[in-house]
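Participant: sharing a sequence plus its predicted fold:
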Amino acid sequence: METSNSKMTYKVLDFTEYPGPRYESQGDDSGEEFYNKVLKGLFQEVLKRSDEAKQTFILEINLDDTAGYASSFLDEAFGNLSYDFTEKTVKKHLRIVSEQEPDWIEIIMDKTIPEWHKKKLNGIPRKSESTI
Amino acid sequence: MSNNAALTFIVGVICGAATYFVIDGYVFALPGPFSTSDLVDLSGIIVNALIGIALVLIIQKKLSDDRGVKDYFQKEVSDIAEEYRKFNNLLFKGKLDTKYAVEWFKHISVRLNNLETFLLRDLRIKNLALRATHREIHVYVTGSVEFNNSFKGGFYSPTAKTKTRVFELYREFQRASIEAILRINRA
């Protein structure tokens, strides 16, 4: 992880080379585990620093150099972020980087994050039957 | 005109010094030595002729180079389509390893990303559906419950519903491949 005056950068590769399934119960290095052990804490830290410095601090997540992703890994990790911190806050403080698979950026920012935010607003639990 | 007379004339023209020359015993006179502007005109004609020849050679080479580039791009599309055929064969037979599938999807994503980037840059071909369709298949397959449930081991065994949808998307990918090859050819 790298930190500058306005940005904290984290590579998913530092979590695992082989990102796994959606839930911890489905296998190792899941999206759920990544969220709970890494992403949530980093985002909280970024919000804390933004608050202290009275400026927008960015969390930059680099997706490159892993073996690849199941879409559900990313959906679970970044969806939970939106579920817990709201779409507006996540979009303000999160930046996704990927030169190898840039399509993920659009999918996460324009689809996953808004969908999970709506899910929260509509009172739908984060683990719906269709994903278990 | 004898060869010597012709040679004398040409050399004279080029040097601007042949005021008189002989053809078959007759003496011909030119109206004084060639002026500088005449020589400039003449050298212009020669240079233009050389440029014309060079252009023909360069254009021929460029056409040949473009064909080579097009052949490469078309082969890449064809190779990816073949990879897709093999992949779907494993998927439909229920012999697809989950971790292999994740790596395969990334491998094809990177290739398609490069392909579409260079097609846009070199042949100005845009709005191909290859990458978008591939991404749709990727998201659909790896987002399914049965796919995630098979991470712990064994092969991924898609449901009938998943197979039907993947087959529809695969047909779209095939159509996109054919369209890409045709557009590369026309570019």
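Facilitator: That came through fine.

Participant: other SSEs contacting the top helix by length along chain B?
Facilitator: In chain B, with assignment by DSSP state H, the single longest helix is helix B:36-93. The contact analysis (3 or more CB pairs under 8 Å, 6 or more residues apart in numbering or on different chains; DSSP states H and E) places helix B:36-93 against helix B:98-123, helix B:130-142, helix B:160-186. Placement of C-beta: from N, CA and C, glycine included.

Participant: now the angle from the shortest one to helix B:98-123?
Facilitator: If I follow you right, that is helix B:130-142. Here the directions of helix B:130-142 and helix B:98-123 differ by 170 degrees (axes from the mean of the first three to the mean of the last three CA atoms, to 10 degrees).

Participant: what's the first helix or strand after helix B:130-142?
Facilitator: Downstream of helix B:130-142, the next assigned helix or strand under DSSP states H and E is helix B:145-149.

Participant: does whatever helix or strand comes next after that next one come close to chain A?
Facilitator: Next in sequence after helix B:145-149, counting helices and strands by DSSP H and E, comes strand B:155-156. No. Shown here: strand B:155-156 not in contact with chain A (CB under 8 Å from any CB of the partner chain), separated by at least 10.6 Å.

Participant: can you report how many residues lie near residue 52?
Facilitator: Just going to use chain A. 9 (other CB atoms under 10 Å in any protein chain shown).

Participant: if you could check chain B rather than the one you did, that'd help
Facilitator: For B:G52, using other CB under 10 Å, the count is 10.

Participant: also B:L91?
Facilitator: 23.

Participant: returning to what we had before: okay, the helices and strands packed on helix B:36-93, which one's buried deepest?
Facilitator: A comparison of the helices and strands packed on helix B:36-93 by mean neighbour count, using mean count of other CB atoms under 10 Å in any protein chain shown, puts helix B:130-142 on top with a mean of 21.

Participant: tell me what that helix is packed against?
Facilitator: Looks like helix B:130-142 contacts helix A:71-85, helix A:103-107, helix B:36-93, helix B:98-123, helix B:160-186 (3+ CB pairs under 8 Å, 6+ apart).

Participant: which of the ones you listed sits closest to B:F151?
Facilitator: helix B:98-123 (5.3 Å; CB to CB).

Participant: centre of the chain versus the closest one, how much separation?
Facilitator: Distance of helix B:98-123 from the chain centroid (CA atoms, centre = their mean, to the nearest Å) equals 18 Å.

Participant: returning to that earlier point: can you lay out the helices and strands packed on helix B:36-93 as TSV showing mean pLDDT?
Facilitator: TSV is the format used below for these (pLDDT from 0 to 100):
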stretch	mean pLDDT
helix B:98-123	95
helix B:130-142	96
helix B:160-186	93
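
Participant: need these in a markdown table with distance to A:K11, can you?
Facilitator: Shown next, in a markdown table, are the helices and strands packed on helix B:36-93 (distance: least, CB to CB, whole Å):
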| stretch | distance to A:K11 |
| --- | --- |
| helix B:98-123 | 15 |
| helix B:130-142 | 21 |
| helix B:160-186 | 31 |
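
Participant: so which other helices or strands are in contact with the lowest-mean-pLDDT helix or strand in chain A?
Facilitator: Sorting the helices and strands of chain A by mean pLDDT, DSSP states H and E puts strand A:2-3 at the bottom, at a mean of 76. Strand A:2-3 is packed against strand A:7-11, with contacts defined by 3+ CB pairs under 8 Å, 6+ apart.

Participant: and the strand it packs on, which strands flank it?
Facilitator: strand A:2-3 (antiparallel), strand A:58-62 (parallel) (DSSP bridges).

Participant: report pLDDT for B:Q60.
Facilitator: pLDDT for B:Q60: 72.

Participant: how close does it get to A:V97?
Facilitator: Distance of B:Q60 to A:V97, computed by CB to CB, to the nearest Å: 45 Å.

Participant: go on, A:R22?
Facilitator: 22 Å.

Participant: which one's more surrounded, those two?
Facilitator: A:R22 (29 against 14).

Participant: doesn't A:S71 make contact with the more buried one?
Facilitator: No. The criterion here is CB atoms under 8 Å, and A:R22 misses it with A:S71 at 9.2 Å.

Participant: B:K106 against A:E101, yeah?
Facilitator: Yes. The pair B:K106 / A:E101 is scored as a contact, 6.4 Å apart, by CB under 8 Å.

Participant: between those two, what contacts are shared?
Facilitator: A:G68, A:Y69 (CB atoms under 8 Å, 6 or more residues apart in numbering or on different chains).

Participant: circling back to that earlier point, turn the helices and strands packed on helix B:130-142 into JSON lines, columns for distance to A:I124.
Facilitator: Output for the helices and strands packed on helix B:130-142, formatted as JSON lines (distance: least, CB to CB, whole Å):
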{"stretch": "helix A:71-85", "distance to A:I124": "10"}
{"stretch": "helix A:103-107", "distance to A:I124": "20"}
{"stretch": "helix B:36-93", "distance to A:I124": "30"}
{"stretch": "helix B:98-123", "distance to A:I124": "27"}
{"stretch": "helix B:160-186", "distance to A:I124": "22"}
